[in-house]
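In: Next come a sequence and a model predicted from it.
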Amino acid sequence: MQLIKSSNRKAGPVRVALAAASASLLSGIQVHADENPWLVDSAVLIYNESGGRVSATEPVVSLKKDMGDEHFLALKFTFDALTGASPNGAIPSKQTITYTGTSGRSSYTTTVGKLPVDSFHDQRRAFGLNWDQPLGDNFHVSIGGDYSHENDYQSNGLSAAIARDFNDKNTTLSLGVNLEEDSSNAIGGIPYAFSASSLTSRVASSENKNVHDILFGISQVMSRNWLTQLNYSHSASTGYQNDPYKILSVLDSNGNTIADPNNTSSSLWLHENRPDARNRQSIFWENKIHLTEDVIDVSLRHYSDDWGIKSETFDIRYRLEVGENSYFEPHFRYYTQNAANFYRPFLVNGTDVINGISQLTYASSDPRLAKFTGNTFGLKWGYEIGRNSEFNIRVEKYDQTGKSVPDVAKNMFALSGLNLYPGLSTQTVMVGYSFEF
Amino acid sequence: MSLLKFKLGAIMIGICLLSSCSSIGVKPWERDLLAKKSMQPNPYPLETAADEHTYFSKEGSSGGKGFGGGGCGCN
């Protein structure tokens, strides 16, 4: 037994590195050879969007313990407090407009030229549990569960993964599956697809969505200072995938709102509708290279789905060692995506909508489904206090840019001069502290 | 077509990784750098999870590195 443990001290960290490389399925375990203390990883995330949009404060704690012979138990607790406002889906206007509020929310007013946003506050509590252990000489298995609860949304998930080492543990193949069941309990109920926002009747109080994920990963030690990882993942989701709070403006050929046929004192806005199935796939490739002292981490991701979205992501981090115990890590991420097939910044009366009835099967003005580019710039500083103990702080800025005037709006004089793309600018501060006890 | 090329390229890399393992990789005594925390593939899982969650809620894409760790009404 002592011989086995002694052997593990040499091979353990690399084997664990390979296992974790395989899609982080095995939770990035850190081996503690001599004792089995609890490893505590804690952080507070403070997130803000410019323009008075979403603000979030998120404390999170994870606990890990080697229960013996590399059988790891991991627990994770997350709490999110969210306040602010998010785009309601309508476009800016040259008039001050009062919205009746979607899904039972109270009315609110948007001034001239401003992005219509609907205020909200929510809390999210999430809990994760994971068990990881070796199986024979070359296998690792992992099982886990996740639970997340918000005022209007609930999610339960189960995951399992298996990884096998080859070639003196230089190569690891892994396979993971994840099953998730979500329930949307929109405040005020689930609206009918393409129903007018003034309509108070609802389809149901809640709707469900199921998600099945599978991920295949290969990680390979290329040399003493180079680790590479390649993942292919596929995700299939079925069920309710609308945003129950999002609406679409209905405009005439000049870009003016039209009257709601059921309430002529109000303009017409329609709830969105998306397909009830979505298949996503991605290929992710990451390289970690150890230079003389510093480490460079570069990754690429290609993503596509059957809603018509394709995206490319490039991410690079450079860990610059400063002295014995501290480091700086600049970070840059570039992201670009095209629009979903059914993305519409607004609907046009007479073609998309006739007599208040949508002629389209699907449509959404959700800016996350639009064509845009995102850039992230970040800087982190970390100080290693001791073995398994570190303090770090990270600041990041993320900006989305898109087309301010979509082609469909070019000749609509009522919209001229307005920036129709919602945009997004966020600032994040994250403070982390890890220790053992 | 570009996606197909991308997939083929990725598969080729995978095959290359598997087939040439006898000439790449390291011996157990050469793993000093790989054993460092900074060379772990996911040395700061809370940071990774926070980033994945943020991008999941603000972009049309998600996934690649692993599983999200639970659904969210933010998307």
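Out: That came through fine.
In: so where is chain B shaky, pLDDT-wise?
Out: For chain B, residues meeting the criterion pLDDT under 70 lie at B:1-23, B:68-70, B:75.
In: residue boundaries of the helices in it?
Out: For chain B, applying DSSP state H gives helices covering B:2-19, B:45-58.
In: Name the SS class of the closest residue to chain B within the stretch 251-400 of chain A, please.
Out: Ranking the residues of the stretch 251-400 of chain A by distance to chain B (Cβ to the nearest Cβ) places A:Phe284 first, at 3.5 Å. From N, CA and C alone the C-beta is placed, and that goes for glycine too. Here A:Phe284 is strand, with the state taken from DSSP: H, G, I helix; E, B strand; the rest coil.
In: Neighbours of the closest residue to it other than its chain neighbours, how many?
Out: In this structure, A:Phe284 finds its nearest non-sequential neighbour in B:Gly64, 3.5 Å apart by Cβ to Cβ, 6 or more residues apart in numbering or on different chains. Per other Cβ atoms under 10 Å in any protein chain shown, the neighbour tally for B:Gly64 reads 24.
In: Need phi/psi at B:Gly64.
Out: Note on B:Gly64: its backbone torsions stand at phi 110, psi -60 [degrees, to the nearest 10].
In: Go ahead and confirm it touches A:Tyr232.
Out: No - contact between B:Gly64 and A:Tyr232 fails when scored by Cβ atoms under 8 Å: they sit 9.2 Å apart.
In: tell me, what's touching these two both at once?
Out: Taking Cβ atoms under 8 Å, 6 or more residues apart in numbering or on different chains as the criterion, B:Gly64 and A:Tyr232 both touch A:282-284.
In: Among those residues, which one has the most neighbours?
Out: In terms of neighbours by other Cβ under 10 Å, the shared contacts of B:Gly64 and A:Tyr232 top out with A:Phe284 at 24 neighbours.
In: quick one: that residue and A:Thr228 touch, right?
Out: No - between A:Phe284 and A:Thr228 there is no contact under Cβ under 8 Å: 11.4 Å.
In: And for the closest residue to A:Asn88 other than its chain neighbours, the neighbour number?
Out: Closest residue in space to A:Asn88, ignoring its immediate chain neighbours: A:Asp118 at 4.5 Å, by Cβ to Cβ, 6+ apart. Counted with other Cβ under 10 Å, the neighbours of A:Asp118 add up to 21.
In: Following element in sequence after the helix or strand hosting A:Asp118, please.
Out: Assessed by DSSP states H and E, A:Asp118 sits inside strand A:117-135. Following strand A:117-135 in sequence order, the next helix or strand is strand A:139-150 (DSSP H and E).
In: what are the pairing partners of that next one, and which direction each?
Out: Sheet pairing of strand A:139-150 (DSSP bridges) gives strand A:117-135 (antiparallel), strand A:153-166 (antiparallel).
In: Could you look over those strands and pick the most buried one?
Out: Among those, ranked by average contacts under mean count of other Cβ atoms under 10 Å in any protein chain shown, first place goes to strand A:153-166 (a mean of 20).
In: Give the rounded mean pLDDT of it.
Out: Strand A:153-166 carries an average pLDDT of 96.
In: likewise stretch A:63-77?
Out: 95.
In: distance between the ends of that stretch?
Out: This stretch, stretch A:63-77, spans 9 Å end to end (Cα to Cα, to the nearest Å).
In: Point out where chain A drops to low pLDDT.
Out: A:1-34, A:101-105.
In: Point to the residue nearest the middle of it.
Out: A:Arg368 (11.0 Å; Cα atoms, centre = their mean).
In: Around the residue nearest to that residue when sequence neighbours are not counted, count how many other residues there are.
Out: Spatial nearest neighbour of A:Arg368, excluding adjacent residues (Cβ to Cβ, 6+ apart): B:Gly60 at 5.2 Å. Neighbours of B:Gly60 under the rule other Cβ under 10 Å: 27.
In: I'd say B:Gly60 and A:Leu369 touch.
Out: Yes - here B:Gly60 reaches A:Leu369: they are 5.5 Å apart, a contact under Cβ under 8 Å.
In: list residues touching both of these two?
Out: A:307, A:309, A:340.
In: residues touching the second one, list them.
Out: For A:Ile309, the contact set (Cβ under 8 Å, 6+ apart) comprises A:303, A:337-340, A:369, B:60-61.
In: what's the spacing between it and A:Tyr99?
Out: Shown here: A:Ile309 relative to A:Tyr99, a distance of 28 Å by Cβ to Cβ, to the nearest Å.
In: do the first one as well
Out: Applying Cβ to Cβ, the value for A:Trp307 to A:Tyr99 is 27 Å.
In: need the strands paired with strand A:139-150 in CSV with distance to A:Asn88, can you?
Out: Converted to CSV, the strands paired with strand A:139-150 look like this (distance: least, Cβ to Cβ, whole Å):
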stretch, distance to A:Asn88
strand A:117-135, 4
strand A:153-166, 18
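In: Name the helix or strand for A:Val211, please.
Out: Counting by DSSP H and E, A:Val211 is part of strand A:207-223.
In: Ok, A:Glu329 next?
Out: Element membership of A:Glu329, judged by DSSP H and E, is strand A:326-337.
In: same deal with A:Leu75?
Out: Assigning secondary structure by DSSP H and E places A:Leu75 in strand A:72-87.
In: in that strand, what's buried?
Out: Neighbour counts over strand A:72-87 (16 or more other Cβ atoms under 10 Å in any protein chain shown) mark A:72, A:74, A:76, A:78, A:80, A:82, A:84-87 as buried.
In: likewise stretch A:57-72?
Out: Of the residues in stretch A:57-72, those with enough neighbours to count as buried (16+ other Cβ under 10 Å) are A:58, A:60, A:62, A:64-66, A:70, A:72.
In: close enough to count as contact, A:Gly382 and A:Asn392?
Out: Yes - contact status for A:Gly382 versus A:Asn392: in contact at 3.7 Å, counting by Cβ under 8 Å.
In: Assign A:Phe435 to helix, strand or coil.
Out: Applying three-state DSSP: A:Phe435 is strand.
In: and it, what are its bridge partners?
Out: On the basis of DSSP bridges, A:Phe435 is bridged to A:Val40.
In: number of nearby residues for it?
Out: Close neighbours of A:Phe435, defined as other Cβ under 10 Å, add up to 16.
In: so it touches A:Trp38, yeah?
Out: No - using Cβ under 8 Å, A:Phe435 makes no contact with A:Trp38, being 9.3 Å away.
In: Am I right that A:Tyr421 sits in a strand?
Out: No - under three-state DSSP, A:Tyr421 sits outside any strand and is assigned coil.
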